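**Student:** dropping the sequence and predicted coords here.
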Amino acid sequence: MKFKQKIVNFLRRSKKYTQTDMIYLAKGGFWLSLGQVISFISGFLLAIAFANLLPKETYGNYTYVLSIGSILAISTLPGINTALIRTVARGYEGSFIPALKTKIRWGTLSSLASLGLAGYYFLNNNTTLFICFLIVAVFLPLMNSFTIYQAFWNGKKRFDIQTKYNIVIQVISVSALILSLFLSDNLFIVLLVYFISHTVLHFIFLQITIKKIRIVEQKQDSQTISFGKHLSLMSFLESIAQRLDKILIWHFLGPVQLAIYSFAYFPIKELQALFGKTLGPLARPKFSEKTMQDLKAFLPKKIIKIFLLIIPIVVLYIIFVPYIYRIFFPQYLGSIKYSRVLALILLASPLMFLGISLQVQLKKKELYISRFIGDIALIILLIILIPIYQIWGVIVARLLFYSIRGVVVIYLFKKTQ
């Protein structure tokens, strides 16, 4: 018997113990894991370049501009990407082009908002941010809209194609940014390289995807765009809540303190992405094929198992993170104490599966409730705690946020029929 067949047989037998389609997990998980490993390495190398080649003040301003840009990007309706995964998984490929056109059309609002911010900073004699937000206005709506091809390949369960595209984008864009940092620490150049590289590369792979689809039957799901708008509206408050910490730190404490906090949170975000962007895309198409009763039957046990696996990862991170900073980020040793406490956030990662189950089952009311309560709580906590406790206020607010949101989503998952 060939070695490959032995592996397949082993995975089939293991299904009765894991209650999981292990062949699907191995095939899709390999590509997604590979993509996230490359992404993690690329992000790590870029962080080293930022830490050693860019002044803290410049990096703080760079982070501030991208944080504002991420909030403005909500007008590109990111929820349509999530809705399209479910739609394509059910065979409605004809929804792809209408979804793309809708994202681009609505995305023009982000340009107008960015131009408004540019005008505000111009009137306040802040030439730096005036130019920065002009750059954002030009590129943001197109860059974010073009990413919709990723949702299509996710829905088709073609994680190999999705990952290959993402690897190319990561390698080229990060290489371009690192090269620009070696040549100059000018904020405008760094921003231009970031936006141009991502926009052009996403456009190329969007065109390749459109050519590969060749949709003959324009079979569409009438709920895709509508549900995508609902998800985007839900994400609006979340987008503000998740980036308000950086904006408030920039305003109250300045760009240098923002740089210190950003480097404290950077490894945690990368580990969250490693988990969420590997298992999340695998889960959505599979969950879309099941009923709510099916999900309730097997999800809780899976979540507990994953939670137990994450505990030692958190412990190891807390122990070894000082050595990582001393070797790679010596300019940011002040971030270590914050990063150790922020690592506790990782324990809440498995609960994302409950949120995904509500998404694929189109539970709009429950999604609104869970996101609204959690995001409002985070916004209030940040506004109250940052002026008093500064960076520690952000950390306490985030830990409380994940605790509150976890309790709410568990309750709604149990209650939902």
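**Tutor:** Right, received. Where do you want to start? Residues are numbered from 1 along each chain as shown.
**Student:** for I388, see how far away A259 is.
**Tutor:** 21 Å (Cβ to Cβ, to the nearest Å). C-betas here are computed from N, CA, C, even on glycine.
**Student:** neighbour count: these two, which is higher?
**Tutor:** It is A259, of A259 and I388, that has more neighbours when counted by other Cβ atoms under 10 Å, with 29 against 8.
**Student:** for stretch 397-410, buried residues please.
**Tutor:** A397, R398, L399, F401, Y402, S403, I404, R405, G406, V408, V409 (16 or more other Cβ atoms under 10 Å).
**Student:** stretch 104-113 too?
**Tutor:** Buried residues in stretch 104-113 (16+ other Cβ under 10 Å): I104, W106, G107, S110, S111, A113.
**Student:** now the fifth one: which helix or strand?
**Tutor:** Just to be clear, that refers to S111. S111 is part of helix 96-123, with elements assigned from DSSP states H and E.
**Student:** after that helix, which helix or strand is next? Please name it.
**Tutor:** Sequence-wise, the next helix or strand downstream of helix 96-123 (DSSP H and E) is helix 127-145.
**Student:** and L316, how far is that from T76?
**Tutor:** L316 is 38 Å from T76, by Cβ to Cβ.
**Student:** sorry, slip of the keys, the one I care about is P300.
**Tutor:** For P300 relative to T76 (Cβ to Cβ), the value is 35 Å.
**Student:** which of these two has more neighbours?
**Tutor:** Neighbours per residue, other Cβ under 10 Å: of P300 and T76, the larger number sits with T76, 28 against 15.
**Student:** who touches the more buried one in this structure?
**Tutor:** K103, I104, W106, G107, S110, L140, P141, N144, S145 (Cβ atoms under 8 Å, 6 or more residues apart in numbering).
**Student:** name the single longest helix found in the chain.
**Tutor:** Longest helix of the chain, by residue count under DSSP state H: helix 364-415.
**Student:** roughly how far out does the helix holding S111 sit from the chain middle?
**Tutor:** 20 Å (Cα atoms, centre = their mean, to the nearest Å).
**Student:** what angle sits between that helix and helix 127-145?
**Tutor:** 180 degrees (axes from the mean of the first three to the mean of the last three Cα atoms, to 10 degrees).
**Student:** helix 96-123 - what's its average pLDDT?
**Tutor:** For helix 96-123, the mean pLDDT works out to 92.
**Student:** list the contacts of the spatially closest residue to A176 that is not a sequence neighbour.
**Tutor:** Closest residue in space to A176, ignoring its immediate chain neighbours: S197 at 4.7 Å, by Cβ to Cβ, 6 or more residues apart in numbering. By Cβ under 8 Å, 6+ apart, the contact list for S197 reads I172, S173, A176, L177.
**Student:** got a list of contacts for the helix or strand where the second one lies?
**Tutor:** Translated: S173. Under the criterion of DSSP H and E, S173 resides in helix 159-183. Residues outside helix 159-183 that contact it (Cβ under 8 Å, 6+ apart): 27-28, 31-32, 34-35, 38-39, 42-43, 45-46, 49-50, 53-54, 149-150, 153-154, 189-190, 193-194, 197-198, 201-202, 205, 208, 281-282.
**Student:** before we move on, back to that, tell me the one among the contacts of T76 nearest to I80.
**Tutor:** In terms of Cβ to Cβ, no member of these lies closer to I80 than K103, at 5.8 Å.
**Student:** what packs against the helix or strand hosting I336?
**Tutor:** In the assignment (DSSP H and E), I336 maps to helix 336-342. Under the contact definition 3 or more Cβ pairs under 8 Å, 6 or more residues apart in numbering; DSSP states H and E, helix 336-342 sits against helix 255-288, helix 292-328, helix 364-415.
**Student:** tell me, what's the model's pLDDT at the closest residue to L66 other than its chain neighbours?
**Tutor:** Excluding the flanking residues, the one nearest L66 by Cβ to Cβ, 6+ apart is Y194, at 7.8 Å. At Y194, the pLDDT value in this model is 96.
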